[in-house]
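Enquirer: structure of the sequence below:
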Amino acid sequence: MSKASTDREASRVVEDPRELVVKLVRIPSVTDNESPCARQLARFFKRHDREAWIDDVGNVRAPADDGVLLTSHIDTVPGDIPVHVEKNEDGQRVLWGRGSVDAKGSLAAMAVAAVHTGASFIGVVGEEVDSRGSRFVIGDRESEPEYLINGEPSGWNGITLGYRGLLGGTYVITSESGHSSRPDKNAIQNAMDWWARVEAEFEHDEWVPVFERVTCKPIEFEGGVSEDGLSVEATMDVQLRVPPGYTVDEVREIANGHLEVGTVNWHDRVEPIMESPRTPVARAFRAAIRQHGGDPRMLRKTGTSDQNVFADHWDVQTVSYGPGDSDLDHAPDEHLVLDEYDRAVAVLETVTERLLEET
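Expert: Predicted coordinates:
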């Protein structure tokens, strides 16, 4: 195929919002390998006469009217789901593939809305691991936007106002080696005991909603006799999800208070967020969803997103929004109904235009 033919084909693809999301989902972008998808996204903006570039950490930057900043993440978790479009039993076309819901449906919808409305856009990297893309943006930008809409699946008629925060750390301990018949506790037992005390501290009655709980999860454990045979070593990576009723520092102090031996390096911290449903951006979404035939839903999510990061560092009104069922995040059957994607694009454009008129 000639270069001219290739350019014509590329131009045709990006004109169709559905073809853009399919294109993005077809390009794998597991965290730390987002570059090919980022380049495709940057080309989308350039074809539509928008300035765009890839910054030092791999984010796609397409600045314009900063009254509204539309942002979502490019990276996905691992998982090989064959990308294809098929009709479901209701006759709707459905896009299957890793990232179709989390969060390339949102990413593509934000990009299309940014082009059509003239709003600013940033596609960030690393959200699934350490939010390094959003953290870089915060330190790199000279000014804050008036409103920020973060792309995460909420369903086309839902907006997410709250996320729990995150405290992540690594517990390390070493003990002298000895025969397993000895009653003295070794490093592995000490690690297990500390974590059991932390879990007991934050135990809740079942009637307490998960969003309002501190939940504790060990995510990796290594332990055993050292290579020289002289000690027993244990290393445990842990995460605690922090509801708006706590700060991350409060949870850290409580967990540290249960340390009797060993040390913890707390290396990941994100504050929780709970926005009011009465902000101008939340009201604009409710009105737009009704305008397009939906019944608005206000959501609180038990995970953590880049919305937390932006809201913690900027004095900005924000919500998270995007097409797709969040129960399919990271799932082996991740898929997106394209009719819902179309509606999300329409809602985003309506909201963005309304907010830009107010700024």
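Enquirer: cross-check the contact I'm expecting between L69 and P145.
Expert: Yes: with contacts counted by Cβ atoms under 8 Å, L69 reaches P145, the gap being 3.8 Å. C-beta: built from backbone N, CA, C; applies to glycine.
Enquirer: shared neighbours of these two, which are they?
Expert: In terms of Cβ atoms under 8 Å, 6 or more residues apart in numbering, L69 and P145 are both contacted by the residues S120.
Enquirer: pick out whichever of these two has more residues nearby.
Expert: Applying other Cβ atoms under 10 Å to L69 and P145 shows that L69 carries more neighbours, namely 27 against 23.
Enquirer: helix, strand or coil: sort out the more buried one for me.
Expert: Per DSSP: H, G, I helix; E, B strand; the rest coil, the local secondary structure of L69 is strand.
Enquirer: how about the nearest residue to S29 once chain neighbours are set aside, what does it touch?
Expert: With sequence-adjacent residues excluded and distances taken as Cβ to Cβ, 6 or more residues apart in numbering, S29 is closest to C37, at 3.9 Å. Residues in contact with C37 (Cβ under 8 Å, 6+ apart) are L24, I27, P28, S29, I74.
Enquirer: and what about C37, helix, strand or coil?
Expert: helix.
Enquirer: and it, how close does it get to S326?
Expert: To S326, C37 is 21 Å away according to Cβ to Cβ, to the nearest Å.
Enquirer: got it, and D315?
Expert: For D315 relative to S326 (Cβ to Cβ), the value is 27 Å.
Enquirer: dump stretch 221-233 to CSV, restricted to CA.
Expert: This file holds the C-alpha atoms of stretch 221-233, laid out as CSV (Å, rounded to 0.1, in the frame of the first residue of the first chain):
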residue,chain,number,x,y,z
PHE,A,221,4.9,-12.8,50.1
GLU,A,222,8.4,-14.2,50.0
GLY,A,223,9.9,-16.1,53.0
GLY,A,224,12.3,-18.8,53.9
VAL,A,225,15.9,-19.6,55.0
SER,A,226,18.5,-17.3,53.5
GLU,A,227,21.0,-18.5,51.0
ASP,A,228,23.8,-18.7,53.6
GLY,A,229,21.5,-20.7,55.9
LEU,A,230,22.0,-18.4,58.9
SER,A,231,18.7,-16.6,59.0
VAL,A,232,15.0,-16.7,58.1
GLU,A,233,13.8,-13.8,56.0
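Enquirer: who touches that stretch?
Expert: Under the criterion Cβ under 8 Å, 6+ apart, residues 172-177, 186-188, 191, 234-237 lie in contact with stretch 221-233.
Enquirer: from those residues, which one has the minimum pLDDT?
Expert: Taking the contacts of stretch 221-233 together, the minimum pLDDT is found at S177 (70).
Enquirer: and that one, how far is that from E222?
Expert: 16 Å.
Enquirer: more neighbours: which of the two?
Expert: Shown here are S177 and E222; by other Cβ under 10 Å, S177 has more neighbours (17 against 12).
Enquirer: next one: V22 from V85, what distance?
Expert: 7 Å.
Enquirer: quick one: the helices in the stretch 51-200 of the chain, in order.
Expert: Using DSSP state H, counting those that start in this stretch, the helices of the stretch 51-200 of the chain run over 105-117, 132-140, 187-201.
Enquirer: deepest-packed of the ones you listed, please.
Expert: helix 105-117 (a mean of 27; mean count of other Cβ atoms under 10 Å).
Enquirer: what does that one contact?
Expert: 17, 20-21, 24, 41, 44-45, 48, 50, 62, 64-65, 68, 70-74, 95, 119-121, 123, 149, 151-153, 321-324, 336, 341, 344-345, 348-349, 352-353, 356.
Enquirer: equivalent analysis for stretch 330-340, please.
Expert: In contact with stretch 330-340 (Cβ under 8 Å, 6+ apart) are residues 18, 21, 77, 79, 81, 85, 88, 92-102, 105, 155-156, 323-324, 328.
Enquirer: stretch 80-93 too?
Expert: By Cβ under 8 Å, 6+ apart, stretch 80-93 touches 18, 22, 25-26, 94-98, 332-334, 337-339.
Enquirer: got the CA coordinates for it in CSV?
Expert: Output of stretch 80-93 as CSV, limited to C-alpha atoms (Å, rounded to 0.1, in the frame of the first residue of the first chain):
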residue,chain,number,x,y,z
ASP,A,80,-4.8,-11.6,26.1
ILE,A,81,-8.4,-11.2,25.0
PRO,A,82,-8.8,-11.6,21.2
VAL,A,83,-10.0,-8.3,19.9
HIS,A,84,-13.1,-8.6,17.8
VAL,A,85,-16.6,-7.0,17.3
GLU,A,86,-19.7,-9.1,17.3
LYS,A,87,-23.4,-8.7,17.8
ASN,A,88,-25.0,-9.7,21.1
GLU,A,89,-28.4,-11.3,21.5
ASP,A,90,-30.0,-7.8,21.5
GLY,A,91,-28.4,-7.0,18.1
GLN,A,92,-25.9,-4.5,19.6
ARG,A,93,-22.4,-4.5,18.4
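Enquirer: now that stretch: average pLDDT?
Expert: 94.
Enquirer: okay, domains of this protein per the record?
Expert: 3-163+273-358, 165-270 (automatic domain parsing).
Enquirer: between the two ends of the last one, how far is it?
Expert: It stands for domain 165-270. End-to-end span of domain 165-270 (Cα to Cα, to the nearest Å): 5 Å.
Enquirer: if I look at the most centrally placed residue in the chain, how far off is V319?
Expert: Note on the chain: the residue nearest the mean C-alpha position is S305, at 4.0 Å, using Cα atoms, centre = their mean. Between S305 and V319 the computed distance is 11 Å (Cβ to Cβ).
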